[in-house]
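J.: quick one: sequence plus predicted model below, questions after.
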Amino acid sequence: MKIKNKLLVGFGFYTLLAVAMGCFMYLELHTIISRLAYVKSADDIVNNALETRRYEKNLLLFNDKGAINELDHYITLLRKNIGVLKKEIVKKIGAQEFAKLSGQIDEYEQSIHAIARNPADKGLIEKVRIIAREIQATIDAVAGGERASIDYLLAHLNRSMILLLFTIAAFIIAGAIINMKLAASISNPIRDLEEATKRVGGGDLSWRSELTGRDEIASLGMSFNRMQERLSAARQSLELAITELHEKQEQLLESEKLASLGRIAAGVAHEINNPLAIVNEKAGLMQDIIGISDEFQNKDKFMSLIQGIVASVDRCRAITHHLLGYARPTESVMETMSLNDVLADVKGFLHKELEDKRIAMETNFPVDLPQIRSDKGQLEQVVLNIVRNAIEAVSEGGHINISSGMKDSKTALISIADDGPGIPQDKVKHLFEPFFTTKGKKGTGLGLFVSYGIVKKLGGMITAESKSGRGTTFTIQIPVDFRQ
Amino acid sequence: MTEVPQERTRVLIVDDEVEFASTLAERLQLRGYDVTAVYCVEDAFNAIRQSPPDVLLLDLIMPGTSGMEALMTVKSAAPEIFVVLLTGHLDIEKELEGMGLENCNFIMKPVDISKLITMIDGATREMPSEKRLEAS
Ligand SMILES: Nc1ncnc2c1ncn2[C@@H]1O[C@H](COP(=O)(O)OP(=O)(O)OP(=O)(O)O)[C@@H](O)[C@H]1O
Ligand SMILES: [Mg+2]
């Protein structure tokens, strides 16, 4: 039931109670008033009768002619008052006696007038006295009960008062009960809802309102549930967005880290490269001098020692050159280029090595590939590192496939696949770590590490996919238009 | 040193790293080249003005006038000089291509001497000096 209807029912009940009480009180008062009116009229009748008898005496004993008018007056009043109480009198003495009383009053009046005209008529005088006494007796019998009437009225008033008290009590009790019921039926669901809002406010979005029914609060509960579901959905997508944001942030941090690591590595490599070049020249000069002198003690021993120095320098050179690849000698130059040109350049650059190993290189460059904006030199270096690895991995007469394409409108793809021995699953995750190599002294383990750093710096990503014995595929994702 | 050719290729090395430049100069001299080493760009300009070399070995990263600026100056004044840039970066190839310079190449430090010799001899079309060293 709607709250409005509940309130209406409560109000209706109160109104009914009030009307019933009012009616009851009205009836009680009416009874009392009509009783009082009876008592007053009865008193009037008795008084009229007494006055009539007083003037009758004046007329009969002192022959006072003026008394006749007073008599007429009081008889008329008597008749009128008896008429007023006719119903009550008939009830008391019966219709026959009432008619007899009226007849006696008429007879009394006529006799009085007759005496007034002929005051010496003793017989008439006696007759008037008899009638008068009879009327007096009847009136006393009818109206003489004022005392009884007052007792009756008191009893009646008492009863009314008690009833009134009871009604008031009933009014209060029933009102209280109805009010409490009504208040509870309105406030309980509100309290439920309040509880629900508190829980939701505290973060418990699983809570659902269980209010049923058809009133405003139940529908509020339903709206609440709907809101709740929306809120849950919103929170879910928010949480998703936050996780994504965190991932992005971590990626960003990682690429930042790689970039600064790259700067440090390149700086160190540069500082080391110059003394390394000196060591290389000095060792080379020693080699030259000892090589051309015929009589040098322990010539072979020295030559092999120097050869060892030169070999170590070569290894260091491989390392510094990889690391220097991280940084350009000048500021990063972004240029618009065709990715296919970059790949073709690399292929040309490695021409000799491919030929030496009789490797078949397949290329798949779609002609409609959009131009991209990136650092060409650095990108070439990345592709060079990866293709070189592929060349080193495949056996004689192996196959390498380079293809380009678009991942979506914002990202270009380069994929380099070979049919070499592949990489065991447990090693794949270490590929991009610095110094991870399976080539012993021939490899630095920096090629992929540096390539990864460069691609990250350019806003892209490298992934490797490989199965032991089934070859390896490296995929480079690069943004079409990279802005730092 | 045995026989000295009549027309020796003249090489000028410019590198602020004295130890490197002097040692490389000595090695090239052993291979029969006429080598001078200087350690700053100003000295290099003076040397070129006095007697222009056939080959200029130029270190790209030097304090003061940068190697690149020196390269441009030399190239505009004496384009016939063959310039080999000494660098730590592979990338330099792209830069050179971009500038459209001719008669110019680069080699990475630490220097692979046989590669350098091949480069110089190829450019000056002389008899490989390396052979002379081996023959001695
Ligand atoms: N195409 C491939 N097939 C199989 N293994 C590969 C391939 N590419 C890379 N690897 C493995 O990843 C390792 C790391 O490669 P990375 O290029 O970083 O260093 P490297 O090649 O060993 O050394 P460097 O690049 O200095 O020669 C390699 O040693 C090799 O084991
Ligand atoms: Mg490698």
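T.: Good, I have the coordinates. Ligands and ions are numbered 1, 2, ... in the order given.
J.: now do the strands in chain B.
T.: B:10-14, B:34-38, B:55-59, B:82-87, B:104-108 (DSSP state E).
J.: list the buried residues in stretch A:57-71.
T.: A:58-60, A:67-68, A:70-71 (16 or more other CB atoms under 10 Å in any protein chain shown). C-beta here means a position set from N, CA and C on the backbone, and glycine is covered the same way.
J.: tell me who's in contact with A:Leu323.
T.: A:265-266, A:268-269, A:446, A:450 (CB atoms under 8 Å, 6 or more residues apart in numbering or on different chains).
J.: where in the stretch 351-484 of chain A is pLDDT low?
T.: A:484 (pLDDT under 70).
J.: over to the stretch 1-150 of chain A?
T.: Using pLDDT under 70, the stretch 1-150 of chain A drops low at A:144-147.
J.: give the burial count for the residue of it found nearest chain B, as a bare number.
T.: Closest residue of the stretch 1-150 of chain A to chain B, CB to the nearest CB: A:Ile3 (80.6 Å). Neighbourhood size, A:Ile3 [other CB atoms under 10 Å in any protein chain shown]: 14.
J.: try the one 3 residues further on
T.: As a burial measure, A:Lys6 scores 17 neighbours (other CB under 10 Å).
J.: that one contacts A:Ala184, correct?
T.: No: assessed by CB atoms under 8 Å, A:Lys6 is found out of contact with A:Ala184, at 10.7 Å.
J.: what sits closest to the residue nearest to the spatial centre of chain B if chain neighbours are left out?
T.: The centroid of chain B falls nearest to B:Leu57 when counting by CA atoms, centre = their mean (2.1 Å). Spatial nearest neighbour of B:Leu57, chain neighbours left out: B:Ile13 (4.5 Å); criterion: CB to CB, 6 or more residues apart in numbering or on different chains.
J.: now do the helix or strand A:Gly83 falls within: which elements does it pack against?
T.: With elements taken from DSSP states H and E, the one containing A:Gly83 is helix A:67-84. Helix A:67-84 sits against helix A:3-62, helix A:86-117, with contacts defined as 3 or more CB pairs under 8 Å, 6 or more residues apart in numbering or on different chains; DSSP states H and E.
J.: can I get the CA coordinates of the helix or strand following the last one in CSV?
T.: Toward the C-terminus, helix A:86-117 is succeeded by helix A:122-143 as the next helix or strand (DSSP H and E). Taking only C-alpha atoms (Å, rounded to 0.1, in the frame of the first residue of the first chain), the coordinates of helix A:122-143 have been written out as CSV:
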residue,chain,number,x,y,z
LYS,A,122,-73.1,28.6,46.2
GLY,A,123,-73.5,25.5,44.1
LEU,A,124,-71.1,26.7,41.4
ILE,A,125,-68.6,27.8,43.9
GLU,A,126,-68.6,24.3,45.5
LYS,A,127,-68.3,22.8,42.0
VAL,A,128,-65.3,25.0,41.1
ARG,A,129,-63.6,24.0,44.4
ILE,A,130,-64.0,20.3,43.6
ILE,A,131,-62.8,20.6,40.0
ALA,A,132,-59.8,22.7,41.2
ARG,A,133,-58.8,20.1,43.8
GLU,A,134,-59.0,17.3,41.2
ILE,A,135,-56.9,19.3,38.7
GLN,A,136,-54.4,20.1,41.4
ALA,A,137,-54.2,16.4,42.3
THR,A,138,-53.6,15.3,38.7
ILE,A,139,-51.0,18.0,38.1
ASP,A,140,-49.1,17.1,41.3
ALA,A,141,-49.1,13.5,40.1
VAL,A,142,-47.8,14.5,36.7
ALA,A,143,-45.3,17.2,37.4
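J.: helices or strands next to helix A:122-143 in the packing?
T.: helix A:3-62, helix A:86-117.
J.: may I see the buried residues of that helix?
T.: A:124-125, A:127-128, A:131-132, A:135, A:138-139, A:142-143.
J.: for A:Ser206, which residues are in contact?
T.: Neighbours of A:Ser206 in contact, by CB under 8 Å, 6+ apart: A:Ser232.
J.: so what's it scoring on pLDDT?
T.: Note for A:Ser206: predicted pLDDT of 77.
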